[in-house]
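Participant: sharing a model that was predicted from the sequence below.
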Amino acid sequence: MQKEFDALIKLGTWSLVSFPTHKHAIGCKWVFRVKENVDGSLNRYKARLVAKGFHQQPGVDYTKTFSVVVKPITIRILLTLAAKYQWPLEQLDVNNAFLNGLLNEEVYMVQPVGFHNGDKNVVCKLYKALYGLKQAPRQWFKKLKCTIIQLGFHISRCDNSLFILITSTYKLFVLVYVDDIIVSGSSKSQVHNIIDKLSHNFALKRLGLLDYFLGIEVTHLPDGSLFLSQAKHVSDLLQMANMLSAKPSTTPMGTSCKLTKSGSNSFEDPSLYRSIVGALQYATITRPDLTFSVNKVCQFMSQPRIQHWSAVKRILRYLQGFTSFGLHIRPATSSIPLSVMACCDADWAADPDDRKSISGACVFIGPTIVTWWSKKQQTVSRSSTEA
C-alpha cells in the first residue's frame, strides 16, 4: 500500500484541497491481489488504489468512455507472421498505466484509507485517470495512441489495438491490450529501438520474450513454431466447478445430444452456470475443438436447465482429460507466399426450438488456423433480401 501510495504522489495524481460546497467527492478503496507466475507459483503481492467509479455522475464527472479490447484473431495472425519469418516477440508491461492519462473533468475523491491527513474537509482533486474512473481506459489509450503515432505508426483499420509501421527496409507491429504490449517486426534492432523510445514516455517493465499474455501460455519450440495453451485457465476453471477429479470424457459433446429450451427442471444456480460458460468461452481462444459445444450451451444462459448443466459438465470432463491441448502455430515454408484458405459448413434446421441451421467456419493462413466460429444462422426477412 505504501509503495502504491508513493507512486501516486510521485506521479502527481492529485492535490489536497478544501472540499468545494458545489461538488461531490467520490469514494475509493484498496484492492489487493496475489500475482502468480505461469506455473501458479507466487510472483508478488499487489495493492492498488481504485476510485469508486459508480459514484460518478454522467455529464459532471465524465462524458465519453470506452475500453479497447484486442481481437483474438489479431493476436493469432501476428504470432503466425512471427513464426513464419522468425521475428522477435518482445513483451512489455506499463506500470500504473492509467495514471498516464490526464483528466479533462473536475473530479474530487475522498482521501484513501490509511493515508488520511486528519482534516475531514480536505479531499483529493484528481489530475490523472486513476484506476476505477469510468473515463480512465479512454484517457490512457488516448495518451498511448498519440505517443505511438508520433513514432510513425498508424492504426490498423481492422483492429484499433494494432499499430503498424512499414518502411522500405523493415516492418514493425505494436499490439496493445490495456497495459500489456507486444512488439514484433522484421528488424530486431528496430524493435528494441521502439521499446527504448516508449520507455522515455512511460514507466515500462520489460518482460523479455513473450511467454504469457492475457492468460495464454506461449511456448517457443525448437523448430521455430509456437504453442499456445490455457492450461492454467482450464485448471482454475475445473477447480471453480469442483471437477478436478472428474472422470475424463473423450469428446466435448455427444453426437445425439439435442438441447432444447424446455424438457427438464430449471438449474438451481443460474449464476454458476453463467460464470462457468463465460469462462469456457474464453478457453475457445486456443481451443477450436470446444467452439461448437460451447456455442450450444451459451444459448441457454438466460434460463439454464438441468440438461444444459449436464452438457456443461460433459465439456468440463473433456477438458479434464485434455488440459494441455492448445493451438500449434507452425512456420510456413519461407519460399512459398502465405496462402489464405477458408472452410465452412452448415447443418440443416438442426435446432429443435426454432429449426434454424448452425453454421461453422474456419480460416487458415498457411498451415495455421487463425480464426473459427460456430453460430446459429439469422433469419433474413423478405423485404431486406429484396432491398
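Facilitator: That came through, no problem. Numbers count the residues shown, from 1 in each chain.

Participant: tell me the domain ranges of this structure?
Facilitator: Annotated domains of the chain cover 2-214, 229-327, 335-376 [automatic domain parsing].

Participant: what are the boundaries of the helices in the stretch 151-300 of the chain?
Facilitator: Ranges of helices in the stretch 151-300 of the chain, per DSSP state H, counting those that start in this stretch, are 188-201, 231-240, 270-283, 291-298.

Participant: most tightly packed of those helices?
Facilitator: helix 291-298 (a mean of 20; mean count of other Cβ atoms under 10 Å). (Glycine included, C-beta is placed from N, CA and C.)

Participant: find the residue closest to Ile329 in space, skipping its chain neighbours.
Facilitator: Of all residues not flanking Ile329 in the chain, Leu226 sits nearest, at 4.2 Å (Cβ to Cβ, 6 or more residues apart in numbering).

Participant: and that neighbour, what are its bridge partners?
Facilitator: His220, Ile329 (DSSP bridges).

Participant: enumerate every residue touching it.
Facilitator: Listed by Cβ atoms under 8 Å, 6 or more residues apart in numbering, the contact partners of Leu226 are 79, 82-83, 218-220, 328-329.

Participant: repeat that for Arg314.
Facilitator: 249, 252-254, 257, 293.

Participant: check Lys120 too.
Facilitator: Residues in contact with Lys120 (Cβ under 8 Å, 6+ apart): none are found.

Participant: how many neighbouring residues does Ile182 have?
Facilitator: When counting by other Cβ atoms under 10 Å, one arrives at 24 neighbours for Ile182.

Participant: so who does it touch?
Facilitator: So Ile182 contacts 75, 78, 89-92, 173-175, 210, 213 (Cβ under 8 Å, 6+ apart).

Participant: closest to Ile358 among the residues you listed?
Facilitator: Of all these, Ile358 sits closest to Ile75, with 26.1 Å by Cβ to Cβ.

Participant: the closest one should be in a helix, yeah?
Facilitator: Yes: assessed by DSSP: H, G, I helix; E, B strand; the rest coil, Ile75 belongs to a helix.

Participant: ok, it to Trp30 distance?
Facilitator: 32 Å (Cβ to Cβ, to the nearest Å).

Participant: quick one: which of those two has more around it?
Facilitator: More crowded of Ile75 and Trp30, by other Cβ under 10 Å: Ile75, with 24 against 15.

Participant: what's the neighbour count on the residue lying closest to the more buried one once chain neighbours are set aside?
Facilitator: Leaving aside its sequence neighbours, Ile75 sits nearest to Leu175 (Cβ to Cβ, 6+ apart; 6.8 Å). Using other Cβ under 10 Å, Leu175 has 22 other residues around it.

Participant: one more: His308?
Facilitator: Neighbours of His308 using other Cβ under 10 Å come to 25.

Participant: tell me the SS of it?
Facilitator: Quick answer, by three-state DSSP: His308 is helix.

Participant: what sits against it?
Facilitator: So His308 contacts 259, 267, 273, 297, 300 (Cβ under 8 Å, 6+ apart).

Participant: do you know the pLDDT at the second one?
Facilitator: Which is Phe267. pLDDT recorded at Phe267 is 91.

Participant: distance-wise, check Glu252 relative to Leu228.
Facilitator: Careful, residue 252 is Pro and not Glu. Taking Cβ to Cβ, one finds Pro252 at 19 Å from Leu228.

Participant: more neighbours, the two?
Facilitator: Pro252 (24 against 19).

Participant: tell me the secondary structure for Asn104?
Facilitator: strand.

Participant: please begin residue numbering at 450 from this point
Facilitator: OK, 450 is where the count begins now, so the last one is Asn553.

Participant: and it, how many residues sit next to it?
Facilitator: Number of residues near Asn553 (other Cβ under 10 Å) recorded here: 12.

Participant: could you do Gly489 as well?
Facilitator: Gly489: 11 neighbours (other Cβ under 10 Å).

Participant: surely it is within a helix?
Facilitator: No: under three-state DSSP, Gly489 falls outside any helix and is assigned coil.

Participant: correct me if wrong: it contacts Lys681.
Facilitator: Yes: contact criterion Cβ atoms under 8 Å: Gly489 and Lys681 qualify, at 6.4 Å.

Participant: quick one: contacts for Trp479?
Facilitator: By Cβ under 8 Å, 6+ apart, the residues touching Trp479 are 450, 496-499, 561-563.

Participant: lowest-confidence helix or strand of the chain?
Facilitator: helix 831-835 (a mean of 51; mean pLDDT, DSSP states H and E).

Participant: ranges for the helices of the stretch 450-599 of the chain?
Facilitator: For the stretch 450-599 of the chain, applying DSSP H, counting those that start in this stretch gives helices covering 451-459, 521-534, 585-599.

Participant: most tightly packed of those helices?
Facilitator: helix 521-534 (a mean of 21).

Participant: what does that one contact?
Facilitator: Residues outside helix 521-534 that contact it (Cβ under 8 Å, 6+ apart): 536-538, 605, 607-608, 610-611, 622, 624, 631, 633, 635, 662-663, 665, 667, 673-675, 677, 734, 776, 778-781, 783, 787, 814-815, 817, 819-820.

Participant: ditto for stretch 450-458
Facilitator: 463, 479, 496-498, 544-545, 548, 561, 563-564, 579.

Participant: chain center to it: distance?
Facilitator: Mean-position distance between stretch 450-458 and its chain equals 27 Å (Cα atoms, centre = their mean, to the nearest Å).

Participant: who touches the residue nearest the centre of the chain in this structure?
Facilitator: The chain has Leu663 as the residue nearest its centroid, 5.6 Å off, counting by Cα atoms, centre = their mean. Taking Cβ under 8 Å, 6+ apart, we find Leu663 in contact with 519, 524, 626, 629.

Participant: also Glu554?
Facilitator: Here Glu554 is in contact with 509-512, 584 (Cβ under 8 Å, 6+ apart).
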